[in-house]
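1. Take this sequence and fold it.
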Amino acid sequence: MQTIWLSGAEWLAALRVGLGLWWLESWRHKDKKGWFERGTGIAWAADVAGKHRWPVVGKGFDRIVAPRPKLMAHVVVYAELALGLGLVTGFLTPVALVAGLLLNLLYLVLMIHDWAEQGQNAMMALISLVALFAMAWQTWSLDAAIGLFP
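-> A predicted model of the protein is given here:
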């Protein structure tokens, strides 16, 4: 593989770090007080799920998320932080890539009507797949430094 400026492995690491920064930005711009104290994030998602074109989305939301809104608000917000930190530092990278892929797919399904969100989540999912299958933790990562996931 020929590349410019960096090696192929370094470009994949840059892609992984960029995805991590994207997750950190998603975490950073969230109104945590609104999510944790007023339940704004889960209330918004409940409204979207309730109007969803696929009834299974609303039913799943009512069964899994609605009974525990405070817990789910913390899960969502801190999952984005953990994904960002894991991908930027390259720690438990395959776990972070799979978890991020699943979270992006959940977001994609929930926000099926929102073209901007679809594009963002589709691209983040694609980057996760590429980074996972190319094993983007081999360079510039704590995983490589401590010998995890050879």
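
2. Who are the packing partners of the helix or strand that Leu106 is a member of?
-> Assigned by DSSP states H and E, Leu106 belongs to helix 93-110. Applying 3 or more CB pairs under 8 Å, 6 or more residues apart in numbering; DSSP states H and E, one finds that helix 93-110 makes contact with helix 8-28, helix 40-50, helix 55-64, helix 69-89, helix 115-133. In short, each C-beta sits where N, CA and C put it, glycine included.

3. quick check: angle from that helix to helix 115-133?
-> 160 degrees (axes from the mean of the first three to the mean of the last three CA atoms, to 10 degrees).

4. so who does Leu105 touch?
-> Applying CB atoms under 8 Å, 6 or more residues apart in numbering to Leu105 gives the contacts Asn121, Ala125.

5. circling back to that earlier point, just so I know, which of the helices and strands packed on helix 93-110 lies nearest Val98?
-> helix 115-133 (6.8 Å; CB to CB).

6. one step back: so which of the helices and strands packed on helix 93-110 is nearest Pro150?
-> Checked against CB to CB, the stretch from these lying closest is helix 8-28, at 13.7 Å.

7. tell me the contacts of the residue positioned nearest the centre of the chain?
-> Centroid-nearest residue in the chain, with CA atoms, centre = their mean: Gly100, separated by 3.5 Å. Going by CB under 8 Å, 6+ apart, Gly100 touches Leu19, Trp23, Leu83, Leu87, Met124, Ser128.

8. Who wins on neighbours among those residues?
-> Leu87 (30 neighbours; other CB atoms under 10 Å).

9. what's the closest of the contacts of Gly100 to Asp47?
-> Met124 (23.1 Å).

10. so Lys32 sits right up against Val77, yeah?
-> Yes. The pair Lys32 / Val77 is scored as a contact, 6.3 Å apart, by CB atoms under 8 Å.

11. So for these two, which sits in the more crowded spot?
-> More crowded of Lys32 and Val77, by other CB under 10 Å: Val77, with 18 against 14.

12. Tell me the confidence at the more buried one?
-> Note on Val77: pLDDT of 97.

13. any idea how far it is from Gly84?
-> Relative to Gly84, Val77 is positioned 11 Å away (CB to CB, to the nearest Å).
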